[in-house]
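> attaching a predicted model along with its sequence, questions to come.
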Amino acid sequence: PFVVTDSCIACKYTDCVSVCPMDCFVEGPNFLAIDPDGCIDCSMCVPECPVGAIYNETDLPEGLSHFTELNAKLAKHPGWKPITQAQAPMPDHAQWREVEGKIGMLKT
Ligand code: SF4
Ligand code: F3S
């Protein structure tokens, strides 16, 4: 499956969700996860993300490998809901889009 990674945190542009043929994005307070049980590896979401947050799990940069498990876990979080329509990004997205290592900001 494909996975959403660090760059999405606190930005949440949501362009990705409208192209997914399987509707497998799930939304939390300031991050999205991909449900690995739904993803068919079509890769259509990858070019939609303005911050390049989405990778094939087989192609993850070294420092982001823990996001595979995190996506799987958050996709089943009882408070997280499927999202299929794009919406406005987080209010402070411009401030955070170039920042790396935002995992400490992740809200669940
Ligand atoms: Fe959806 Fe395809 Fe992206 Fe998987 S790779 S999340 S199926 S758009
Ligand atoms: Fe996140 Fe990029 Fe989608 S910022 S919400 S993965 S378009």
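Everything's here; your move. Computed from a prediction, not measured in an experiment: that's the story for all the values here. Ligands and ions are numbered 1, 2, ... in the order given.

> now the residue lying closest to V99 once chain neighbours are set aside, what's its secondary structure?
In space, not counting the residues next to it along the chain, V99 is nearest to A10; the distance is 7.9 Å by Cβ to Cβ, 6 or more residues apart in numbering. Where C-beta positions appear, they are placed from N, C-alpha and C, glycine not excepted. At A10 the chain is in coil, as set by DSSP: H, G, I helix; E, B strand; the rest coil.

> burial count for A10?
22 (other Cβ atoms under 10 Å).

> give me the pLDDT for it.
Looking at A10, its pLDDT reads 98.

> quick one: it from S43, how far?
Separation of A10 from S43 (Cβ to Cβ, to the nearest Å) stands at 25 Å.

> ok, what's across the strand from I54?
V4 (DSSP bridges).

> need the pLDDT of S18.
97.

> now do the contacts for it.
48, 84-86 (Cβ atoms under 8 Å, 6 or more residues apart in numbering).

> by neighbour count, which of the residues you listed wins?
Busiest of the contacts of S18 [other Cβ under 10 Å] is E48, holding 16 neighbours.
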